[in-house]
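> Build me a model:
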Amino acid sequence: MSGVVSAQSTTSSSSSHQHSQPKQPNQLSSVCIRTPFALAYVDELLSDYSFHPLKSQQFVFQRLLSLCGSATPVSVHIAQHTVRTLLAAVNLIELPPLPAGRKLISEQSAIQINSLIIQEATDEKPGRSKLELDGAKVLFDLLVEEISERIQSESIVTTIETLYYKVLNFVLPVHQIIVLCRVASDKFKSLVSELLDEQLGVLFTSYSQKQNKCSLRPEFVICAVSKYLELETTHIDPIVAINFLKQVATESTQLLYQPLIFRLLSKKTGTKYNQKEKLRSQIDEIFNKQLLSAEVEVLKPIIMETHREALRTLLQEIGPIIASNPNSLLAAFNRANIDRARVFSPPSVAAAVIWLIEQAQRGFQRHASFERAGPGIGELSPADQSWSGKAFAEAVMHINPTLSWVNVIVYLDDPAFRVENRSGFKLFVDVFLSVYKARNFPVELLYKEWANQDAQLTLLQNVIEHSDLFCLIDYPHRSVVQPSHSLKNVPDEKDSNIANWCCLDLTETLLSIADRGSHIQAVARILQPALPQCPDILLLAIFQIHTSLPHQSLRERIITALLPNFICQHPNAIAVLNVGWNSDVLPRKKIHDMILEAFVTIYVKASDDQQKLAKILDVAHDLKPQGLSELLGIGKELPFIIDLACLASKRDYLKLEKWLEDKYKDYKDSLIENILTQIKRRAPPSIIPSAQGIGATLTPDTVKILLKFVHAHIIHVPNHPLHKPFTEITNQMLSLQQQQQQQQVNLVRFILFKV
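Numbering: from 1, shown residues only. Reported below is the predicted structural model:
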């Protein structure tokens with residue numbers, strides 16, 4: 001309905017909002033009774049706002065704020081009902097039909113109330129009661145949540161249009177910007193970022209002038225600048241944002257804005273380290289002075305980021321020439337005016353390591369310090385001018401000998417951490433092997449579950465590719481190969497191509513990441529080199545790794561891809577398959593089916609290759625328990641199991657007559673038809689002249705057993721469709737036998753006559 005909308009109960013909305021209070025059992029019934037009456041009262045207030053202009057609209061709005069800010073269980077229902085009703089009035093959301101007797105609120109009134117909520121929540125206004133301010137905050141937060149949900153689920157163009165013209169119509173541009181900053185925009189990040197970049201520039205420029213006074217409360221100033229810092233691309237000069245902060249700062253907030261100014265200076269190239277450090281030294285005062293606790297909470301991530309950047313920023317100032325020698329780097333650290341406890345903390349050292357790896361991967365870039373290095377700098381090679389991981393580690397250990405390097409590694413679990421090539425990995429190794437000299441590197445940290453699995457995978461991939469720099473089997477690990485596996489060819493762990501794959505923990509970590517479902521392709525690429533190099537080790541590892549996670553598609557894909565060639569070509573096939581055959585890492589039936597399917601695949605690809613058929617028989621016969629029995633019992637590819645059964649009978653692995661009778665119960669005439677076909681293909685022409693003789697694997701005794709079985713099952717069936725092909729085969733055999741007998745008679749006569 002356009003123009004007006006139902007004001008109705010929204011008690012079905014979630015009541016777990018952050019402003020709700022825990023309800024005691026004796027309060028529940030009271031809340032349930034009061035809620036419908038309270039919502040009906042809200043409907044009356046909203047309709048009064050629309051249709052009784054003589055009644056003070058200010059009174060209506062203040063009453064809403066008081067009801068929503070009262071911090072009672074029912075106040076949460078009231079706030080949710082109010083916001084959903086207001087947004088439904090401007091067609092941003094839909095609600096069920098209006099119950100009989102309820103009044104309406106007009107679209108225009110809803111727009112006005114939405115605007116008042118935004119202004120009351122974001123502006124600094126003296127003289128307001130805490131109850132009113134809390135009510136405005138609750139309504140504003142709910143308003144933003146509802147809009148965010150709508151943007152994620154609806155057309156961005158329609159939603160933004162409604163947002164601007166129906167929700168933000170009566171508010172100042174500064175308030176429009178704050179709403180955009182707060183609205184979740186993952187789905188349309190690029191579009192919303194463009195809008196923000198344009199409007200934040202206007203905001204910063206406008207309020208950088210002394211004659212324009214900004215009324216925003218401090219937390220929303222922080223919100224606007226923080227959102228600017230998050231923009232991946234921007235046309236706004238950081239100095240413009242700094243001037244904005246300086247202009248809007250008051251005596252009570254100027255220290256509060258220092259972390260933001262520091263971050264903005266970091267965004268501005270060419271800012272000296274000591275200039276930033278002066279700001280850094282003031283940042284910690286925020287917590288000590290207990291300034292505006294709500295705003296401080298918002299600033300915590302920014303303050304932590306300033307701490308993390310401390311050592312990285314200092315290294316940028318020092319440059320690679322000085323940093324290439326531990327003594328000169330240590331001297332540079334000592335000259336800097338720094339808080340050592342903060343600069344050489346695990347988060348800061350980890351951020352510096354990440355940055356050093358980035359520099360190593362990018363290659364040498366000319367630094368300003370070269371210009372100050374004096375004559376001879378041009379003679380240095382790029383290798384002389386690179387960053388030294390060893391020098392960095394030694395200098396840091398000297399400055400902070402009690403530094404927890406384990407925690408440094410933990411802080412590498414960061415989206416910015418990427419090891420992209422050998423140069424970056426070498427720097428990582430140089431740093432940490434300088435610290436852990438006696439092969440006591442905490443390798444278990446590489447196997448734990450990281451929050452940033454992309455980062456973890458880049459590190460593990462380089463461990464695999466560059467085992468000459470760092471090899472997992474040099475550290476405590478679980479070995480893939482055990483004596484109980486009885487391998488014919490035991491892998492050589494000194495071979496750099498397979499050394500890391502001998503570590504069960506590595507494969508387990510990779511499969512664990514893949515089993516979570518979001519990095520399957522990345523893990524598959526990392527595992528790819530192991531498929532041709534050491535398929536036996538990879539399969540053994542997979543067969544020993546348990547998981548409780550639902551996604552196991554990658555390990556199934558690997559098993560399926562490896563098995564056919566592995567069975568035919570690898571000397572360890574029987575030993576490895578027996579481990580898998582008896583493994584419980586996947587459902588036992590699933591593993592058996594995958595192995596049996598591999599046998600079928602081998603046959604289908606080369607059904608006339610008797611060597612491969614013999615290999616299948618050998619491996620299946622040695623699968624214990626009952627590998628051959630299960631293979632001969634599969635329900636598809638009858639030509640395959642007939643061929644296999646005939647060969648097994650030839651080796652006395654089974655009694656062919658009994659096997660045929662058992663199979664007839666399941667397959668009836670289909671079995672007979674396939675037997676006749678196989679006789680025509682496999683029987684040698686010396687037995688059946690018209691036979692193709694492909695493989696010629698059927699002996700005369702086997703052919704007789706097969707024909708006897710066929711005859712027994714069709715002889716008593718009149719007009720059986722298989723009588724004709726059976727008769728053709730038997731007639732050929734009889735004719736051939738008669739010819740052979742006649743030849744023998746003729747031979748005897750010839751001999752006698754000659755004699």
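> Could you use CA atoms for every contact and neighbour count after this?
Will do.
> List the contacts of the residue nearest to residue 507 when sequence neighbours are not counted.
Once flanking residues are discounted, residue 507 sits nearest to residue 541: 6.7 Å by Cα to Cα, 6 or more residues apart in numbering. By Cα atoms under 8 Å, 6 or more residues apart in numbering, the residues touching residue 541 are 480, 504, 507-508.
> wait, which of the residues you listed is closest to residue 171?
The closest of those to residue 171 turns out to be residue 508 (Cα to Cα; 56.4 Å).
> Spit out the contact partners of the closest one.
Listed by Cα under 8 Å, 6+ apart, the contact set of residue 508 reads 541-542, 545.
> and these, which of them are in strands?
Among the contacts of residue 508, no member falls in strands (criterion: DSSP state E).
> Looking at these, which are in helices?
541-542 (DSSP state H).
> so can I have TSV of the contacts of residue 508 showing pLDDT and distance to residue 116?
Shown next, in TSV, are those (pLDDT from 0 to 100; distance: Cα to Cα, whole Å):
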residue	pLDDT	distance to residue 116
541	94	64
542	93	62
545	89	60
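> Can you check the pLDDT for residue 118?
The model reports residue 118 with a pLDDT of 89.
> Figure out the helix or strand that it lives in.
helix 107-122 (DSSP states H and E).
> contacting residues for residue 350?
Residue 350 touches 308, 408-409, 411-412, counting by Cα under 8 Å, 6+ apart.
> ditto for residue 708
Neighbours of residue 708 in contact, by Cα under 8 Å, 6+ apart: none.
> Can you show me the helices along the stretch 651-755 of the chain?
Taking DSSP state H, counting those that start in this stretch, the helices of the stretch 651-755 of the chain run over residues 656-667, 669-682, 700-714, 723-754.
> need the contacts of residue 508 in TSV with distance to residue 424, can you?
TSV is the format used below for the contacts of residue 508 (distance: Cα to Cα, whole Å):
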residue	distance to residue 424
541	29
542	30
545	31
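> for the contacts of residue 508, which one is nearest residue 256?
The nearest one, if we look at these relative to residue 256 and count by Cα to Cα, is residue 545, at 51.8 Å.
> Pretty sure that closest one sits against residue 585.
Yes: in this structure residue 545 lies within contact range of residue 585 using Cα atoms under 8 Å: 6.0 Å.
> on that earlier part again, does anything pack onto the helix holding residue 118? Which helices or strands?
Applying 3 or more Cα pairs under 8 Å, 6 or more residues apart in numbering; DSSP states H and E, one finds that helix 107-122 makes contact with helix 73-89, helix 130-153, helix 173-182.
> repeat that for 7 Å
helix 73-89, helix 130-153 (3 or more Cα pairs under 7 Å, 6 or more residues apart in numbering; DSSP states H and E).
> Run a quick neighbour tally on residue 193.
Residues near residue 193, counting by other Cα atoms under 10 Å, number 21.
> residues touching it, list them.
Contact analysis of residue 193 by Cα atoms under 7 Å, 6 or more residues apart in numbering lists residue 231.
> And the pLDDT at it?
According to the prediction, residue 193 has pLDDT 74.
> secondary structure class for it?
helix (DSSP: H, G, I helix; E, B strand; the rest coil).
> how close does it sit to residue 669?
71 Å (Cα to Cα, to the nearest Å).
> got it, and residue 229?
Remark: distance between residue 229 and residue 669 (Cα to Cα) = 76 Å.
> same deal with residue 508?
49 Å.
> What of residue 712?
12 Å.
> thought residue 671 was touching residue 662?
No: counting by Cα atoms under 7 Å, residue 671 does not reach residue 662; the two are 10.8 Å apart.
> between the two, which one's more packed in?
When neighbours are counted by other Cα under 10 Å, residue 671 and residue 662 differ, and residue 671 comes out ahead with 19 against 12.
> Next, the contact list for that one, please.
Residue 671 touches residue 664, counting by Cα under 7 Å, 6+ apart.
> so what's it scoring on pLDDT?
91.
> Please apply the same query to residue 6.
So residue 6 comes in at 40 (pLDDT).
> swap in residue 20?
Residue 20 is given a pLDDT of 40.
> Please apply the same query to residue 666.
Confidence score, pLDDT, at residue 666: 88.
> quick one: it from residue 708, how far?
Taking Cα to Cα, one finds residue 666 at 19 Å from residue 708.
> Residue 592 belongs to a strand?
No: using three-state DSSP, the assignment for residue 592 is helix, not a strand.
> Am I right that it is in contact with residue 582?
No: checked against Cα under 7 Å, the pair residue 592 and residue 582 is beyond contact range at 8.8 Å.
> So for those two, which sits in the more crowded spot?
More neighbours surround residue 592 than the other of residue 592 and residue 582, with 20 against 15 (other Cα under 10 Å).
> I'd like to know how far the residue nearest to that one when sequence neighbours are not counted sits from residue 544.
In space, and not counting its chain neighbours, residue 592 is closest to residue 581: 6.1 Å by Cα to Cα, 6+ apart. As judged by Cα to Cα, residue 581 and residue 544 stand 11 Å apart.
> which one of these two has more residues nearby?
Between residue 581 and residue 544, residue 581 has the larger neighbour count (other Cα under 10 Å), namely 22 against 17.
> Can you pull the phi/psi pair for residue 213?
Here the main-chain torsion angles of residue 213 (degrees, to the nearest 10) amount to phi -100, psi 130.
> That one touches residue 203, doesn't it?
No: shown here, residue 213 and residue 203 do not form a contact pair, counting by Cα under 7 Å, at 11.4 Å.
> who's more crowded, these two?
residue 203 (19 against 12).
> Torsion angles phi and psi at the more buried one?
According to degrees, to the nearest 10, residue 203 has phi -60, psi -50.
> Just list the residues touching it, thanks.
Neighbour list for residue 203: residue 174 [criterion: Cα under 7 Å, 6+ apart].
> One more: the one 4 residues further on?
With contacts taken as Cα under 7 Å, 6+ apart, residue 207 has the following neighbours: 213-214, 244.
> hang on, residue 105 is in a strand, isn't it?
Yes: if the criterion is three-state DSSP, then residue 105 is within a strand.
> Can you get me a residue count around residue 171?
By the criterion of other Cα under 10 Å, residue 171 has 18 neighbours.
> where does the closest residue to it other than its chain neighbours land on pLDDT?
Using Cα to Cα, 6+ apart and skipping residues adjacent in sequence, the residue nearest residue 171 is residue 115, 5.5 Å away. pLDDT, residue 115: 87.
> can you check the one 10 residues further on too?
Per-residue confidence for residue 125 comes out at a pLDDT of 82.
> What is the neighbour count of it?
13.
> got a list of what it touches?
If a contact means Cα under 7 Å, 6+ apart, then residue 125 has no contacts.
> three-state assignment of it?
Per three-state DSSP, residue 125 ends up coil.
> swap in the one 3 residues further on?
Secondary structure, three-state DSSP: residue 128 is coil.
> Equivalent analysis for residue 169, please.
coil.
> give me phi/psi at it?
When read as degrees, to the nearest 10, the backbone of residue 169 gives phi -60, psi -40.
> Just list the residues touching it, thanks.
Counted by Cα under 7 Å, 6+ apart, residue 169 has zero contacts.
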